[in-house]
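Here's a sequence, model it:
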Amino acid sequence: MSAIINASIEVSGLPKEKFVKAKNGKIYYNFTVGINEETRYGNNCSFWDSQSEEERLAKKPRNFIGNGKVVWTDGKIILAEKEEKVIADSTSKSSTIEEDDDLPF
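The predicted model follows:
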């Protein structure tokens, strides 16, 4: 399951307040990618600012920041599942914790 997407993002219009500084000092910008079966102007991928649940429920308009196109796929793309992290508890048995944050780091 794999695909390759070529894209272009217009960075001068990115809202600076949405940049996130990680513990390691690197700067990230969270955005969402949508892939459509139809194409428009030769592109079938859209990129927009990630929205909070409150923004989505309030139906706040998306801030589109770029577009692109799928240039290759093996035809087997499937939905991603949340990863589980295994930790040891106090009795030396292991338990799983589901990752639940939206941070990319």
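
didn't Ile9 look like it was pressed against Asp49?
No - between Ile9 and Asp49 there is no contact under C-beta atoms under 8 Å: 10.9 Å. Every C-beta, even on glycine, is put in place using the N, C-alpha and C of the backbone.

Mutual contacts of the two, please.
In terms of C-beta atoms under 8 Å, 6 or more residues apart in numbering, Ile9 and Asp49 are both contacted by the residues 31, 65.

Which of those two has more residues huddled nearby?
Neighbours were counted for Ile9 and for Asp49 using other C-beta atoms under 10 Å; Asp49 has more, 17 against 13.

quick one: contacts for the residue nearest to the more buried one when sequence neighbours are not counted?
Nearest residue to Asp49, sequence neighbours excluded (C-beta to C-beta, 6 or more residues apart in numbering): Asn63, at 4.3 Å. Contacts of Asn63 were listed using C-beta under 8 Å, 6+ apart, and they are 15, 48-49.

Check what pLDDT Asn63 gets.
Per-residue confidence (pLDDT) for Asn63: 91.

What separation is there between it and Lys16?
From Asn63 across to Lys16, the span is 13 Å (C-beta to C-beta, to the nearest Å).

Sweet, I'm off.
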